[in-house]
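Trainee: need coordinates for the following:
(chains A and B)
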Amino acid sequence: ETGVTQTPRHLVMGMTNKKSLKCEQHLGHNAMYWYKQSAKKPLELMFVYNFKEQTENNSVPSRFSPECPNSSHLFLHLHTLQPEDSALYLCASSQGTSGGDEQFFGPGTRLTVL
Amino acid sequence: QKEVEQDPGPLSVPEGAIVSLNCTYSNSAFQYFMWYRQYSRKGPELLMYTYSSGNKEDGRFTAQVDKSSKYISLFIRDSQPSDSATYLCAALYNQGGKLIFGQGTELSVKP
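Mentor: All right, here's what the predicted structure looks like:
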């Protein structure tokens, strides 16, 4: 595996389900990110982790719960979601969080909440 | 007011045309400016990035930033059908990794 991988690629869940999205980066980076991409809206940062510590929570509802057990893995735990949470969830990683650190994106998980 | 504004298009051009994509931003604290390209069913990939004002050229692509007018541009010369994608502009502070994206412009280059 190379780059940033995300599983599953597609997920359909009911509003009462609990599911998790997984991201893994194979680039030796120290920072990882979750973004949300909804139709007709800008890509929106959700969380930033740097050296496993959360450094940014962009006012994300508590039904989204991130977890970063190490610098290579990032999870997004989902529970009691709403239909408006249906979107493409993108994971990214970078060497650090300085302006010159390029963020590499995974292919995303397409989430549909019924 | 959105921090980064971008016309979503769609934009359709014939093969070989020069394409101009533009964004404006509101926060003068932004220091880094990026253009990402996103193909259908893929994640965004970095195309160009510029620090502060100025031009940067890479092959058929030129990125321009004018901080005095808070304007970001991407020019594509001799456009190809393979350039058909959504182009996202983004801005970044000096620290923190918080990328702020525009809405994205969908570009179609017709053979």
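
Trainee: so which other helices or strands are in contact with the helix or strand of chain A with the lowest mean pLDDT?
Mentor: Least confident helix or strand, chain A: strand A:53-57 with a mean of 92, by mean pLDDT, DSSP states H and E. Other helices and strands packing on strand A:53-57, by 3 or more CB pairs under 8 Å, 6 or more residues apart in numbering or on different chains; DSSP states H and E, are strand A:44-50, strand A:64-70. C-beta: built from backbone N, CA, C; applies to glycine.

Trainee: partner strands of the helix or strand following the last one, with direction?
Mentor: Which is strand A:64-70. Under the assignment DSSP states H and E, the closest C-terminal helix or strand after strand A:64-70 is strand A:73-79. Sheet pairing of strand A:73-79 (DSSP bridges) gives strand A:18-25 (antiparallel), strand A:64-70 (antiparallel).

Trainee: just name the most buried of these.
Mentor: Stretch with highest mean neighbour count among the strands paired with strand A:73-79: strand A:18-25 (a mean of 18; mean count of other CB atoms under 10 Å in any protein chain shown).

Trainee: and the next element down the chain from that strand?
Mentor: Where DSSP H and E defines the elements, the next helix or strand beyond strand A:18-25 is strand A:31-37.

Trainee: now that next one: mean pLDDT?
Mentor: If you average the pLDDT over strand A:31-37, you get 97.

Trainee: thinking again about what came up before, kindly reformat the helices and strands packed on strand A:53-57 as a markdown table containing mean pLDDT.
Mentor: As requested, the helices and strands packed on strand A:53-57 are exported to a markdown table (pLDDT from 0 to 100):
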| stretch | mean pLDDT |
| --- | --- |
| strand A:44-50 | 95 |
| strand A:64-70 | 96 |
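
Trainee: wait, which of those strands is closest to A:Gln95?
Mentor: Checking those against A:Gln95 by CB to CB gives strand A:44-50 as the closest, at 10.4 Å.
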